[in-house]
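Peer 1: any chance you could fold what I've pasted below:
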Amino acid sequence: MIISDLATIPGRRFPARRKTQNLAGGAAPIQTKNFAMGNVTLDPDGGQVPWHNQEQEEVYFIVEGTAEMCLGEERRTLTGGQMVFIPSGVFHQLTNIGGTPLRMIYCYGPAGDVAHWRQELDGTLPRAGIDVPPLPPGARPQCTEKPAE
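Peer 2: I've put the predicted structure just below:
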């Protein structure tokens, strides 16, 4: 039996102020082909999964906290206990708009790393409204800054 345990998975910190811990697929103890799943903690007041798209279908399940979800041309507030479906190819962004850490679970399929992780770490994320479609009106800005070396 293979078990993924959040208490023992160090995860990865990203410039947009979040920690991602792979539970299945990618760098996780459990390897899968048809889906990937993980836990994400967004820092208070602006931690983010920046504006991006990917080929995989995906869901975000908000475990706790309050977030601004941008999906295509839509912008909504999500809270603990809610899940959003992200169709293949649609640009999306999740921003913690609360004063406490936000926890969410993602699941996408098929498995495999998504390009935006590497782009964010390298400081090469396409910029909303310049390189890729704009964020919905009133949305929090996209974090595209590369961390200091």
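
Peer 1: any idea how many residues pack against the residue lying closest to residue 101 once chain neighbours are set aside?
Peer 2: Leaving out its chain neighbours, the residue that sits closest to residue 101 by Cβ to Cβ, 6 or more residues apart in numbering is residue 41, at 5.3 Å. Placement of C-beta: from N, CA and C, glycine included. Residues near residue 41, counting by other Cβ atoms under 10 Å, number 21.

Peer 1: go on, residue 94?
Peer 2: When neighbours are counted by other Cβ under 10 Å, residue 94 comes out with 28.

Peer 1: helices and strands around the helix or strand of the chain with the lowest mean pLDDT, which ones?
Peer 2: Counting by mean pLDDT, DSSP states H and E, the chain has its least confident helix or strand at helix 115-122, which shows a mean of 90. Applying 3 or more Cβ pairs under 8 Å, 6 or more residues apart in numbering; DSSP states H and E, one finds that helix 115-122 contacts strand 12-14, strand 48-52.

Peer 1: point out the most buried one among these.
Peer 2: strand 48-52 (a mean of 24; mean count of other Cβ atoms under 10 Å).

Peer 1: quick one, that one and helix 115-122 angle?
Peer 2: 110 degrees (axes from the mean of the first three to the mean of the last three Cα atoms, to 10 degrees).

Peer 1: low-confidence ranges in the protein?
Peer 2: 146-149 (pLDDT under 70).

Peer 1: if we go to 80?
Peer 2: Along the chain, the parts satisfying pLDDT under 80 run over 112-113, 145-149.

Peer 1: not counting its neighbours along the chain, what's nearest the most centrally placed residue in it?
Peer 2: Taking Cα atoms, centre = their mean, the centroid of the chain lies closest to residue 49, which sits 3.9 Å from it. Nearest residue to residue 49, sequence neighbours excluded (Cβ to Cβ, 6+ apart): residue 94, at 4.4 Å.

Peer 1: for residue 122, which of the helices and strands packed on helix 115-122 is the nearest?
Peer 2: Proximity to residue 122 (Cβ to Cβ) singles out strand 12-14 among the helices and strands packed on helix 115-122, at 11.3 Å.
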